[in-house]
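Colleague: Structure of the sequence below:
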Amino acid sequence: MLLTLLYVPGDRPDRFDKAVDSGADAVIVDLEDAVVAARKGYARKAAAEFVGARHRVPVFVRVNELTGPDVAADLDALAGVPGLAGLRLPKVESPETVRRVAERVSVPLHPLVESAVGVERAYEIAGAHPAVASIGLGEADLRSDLGVTAEEGLSWVRGRIVVAARAAGLPPPLLPVYPNVTDLAGLAESCATGRRMGFVGRTAIHPRQLPVIVTAFRPTAEEVSRARELLDAVAEAQTRDSGTVVLPDGRFADRAMVAAARRTVQLAQRFAAGP
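Modeller: Next comes the predicted model:
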């Protein structure tokens, strides 16, 4: 399970290895917002060469906007490159554009919703093709599109993405980047809020953000204990052909709660195993 994914500009190959060694669970080489138009070609070539080498963490690439002039060249350069963990697809507004990408590359796809139209079609996008491995938000463009100036203005949208991912059978979405790299307290608070809403993990734009994200999403010992207790109780109830059980602390538990408990235990096991 990937909790931290670090963006690195595609036209800065001098930073690629540093990103891999940053402690992030995965790296995203960005060909879109981080690269000016005049350097798109250079970034594309650098990304393809880097992805083609072997690395100790997965390497993803965020391609350019699917309806823009650069994405065709991005897909041509990356199609068939060994080692590519997946593509992040920005500004997705329709399932058709996702399916067109899936016809050209054979890697997991991760659409990003960044507009009102995309939000309205989130479930269709999440289920657009078997290659879709996750769905997420791009909040900078979304804030602009919606005219949102306060955090609470995005609460409903964030919930919508969590629901769309679950309904489509995808893993919980990652939180998008927190743009202020010096406001670590704000990052921690934002992560805590996102975790309560159903997000698991976050993308980052600076290595200093990574430990804060890990701390926010790492299960506490009490959470792990309660999850294991629930799983044991539900398993025992199943041997008695009972669908529900009441735990010693008064919690009512049933099979519908198992997925969240298993995720908690899996996260704990991931940290116990180390990077």
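Colleague: got any ranges where the stretch 151-275 of the chain has weak pLDDT?
Modeller: 238, 241-244, 254-256, 272-275 (pLDDT under 70).
Colleague: Tell me where it has strands.
Modeller: If DSSP state E, counting those that start in this stretch is used as the criterion, the strands of the stretch 151-275 of the chain fall at 202-204, 244-246, 252-254.
Colleague: Mind putting the ones you listed into CSV with distance to residue 231 and mean neighbour count?
Modeller: From N, CA and C alone the C-beta is placed, and that goes for glycine too. Formatted as CSV, the strands of the stretch 151-275 of the chain follow (distance: least, Cβ to Cβ, whole Å; neighbours: other Cβ atoms under 10 Å):
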stretch, distance to residue 231, mean neighbour count
strand 202-204, 26, 25
strand 244-246, 11, 14
strand 252-254, 9, 13
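Colleague: Quick one: residues contacting residue 175.
Modeller: 137, 190, 191, 194, 199, 201, 202, 203 (Cβ atoms under 8 Å, 6 or more residues apart in numbering).
Colleague: Return the distance of the third one relative to residue 213.
Modeller: Just to be clear, that refers to residue 191. Separation of residue 191 from residue 213 (Cβ to Cβ, to the nearest Å): 6 Å.
Colleague: between those two, what contacts are shared?
Modeller: Common neighbours of residue 191 and residue 213 (Cβ under 8 Å, 6+ apart) are residue 202.
Colleague: the more surrounded of those two?
Modeller: residue 213 (27 against 22; other Cβ atoms under 10 Å).
Colleague: wait, isn't that one in contact with residue 3?
Modeller: Yes - with contact defined as Cβ atoms under 8 Å, residue 213 counts as touching residue 3 (6.5 Å).
Colleague: shared neighbours of the two, anything?
Modeller: 201, 202.
Colleague: Tell me the secondary structure at residue 117.
Modeller: When classified by DSSP: H, G, I helix; E, B strand; the rest coil, residue 117 comes out as helix.
Colleague: pLDDT at it, what is it?
Modeller: Looking at residue 117, its pLDDT is 97.
Colleague: still on that earlier bit, could you redo the strands of the stretch 151-275 of the chain as JSON lines and give each row distance to residue 71?
Modeller: Listed next are those as JSON lines, based on distance: least, Cβ to Cβ, whole Å:
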{"stretch": "strand 202-204", "distance to residue 71": "20"}
{"stretch": "strand 244-246", "distance to residue 71": "50"}
{"stretch": "strand 252-254", "distance to residue 71": "45"}
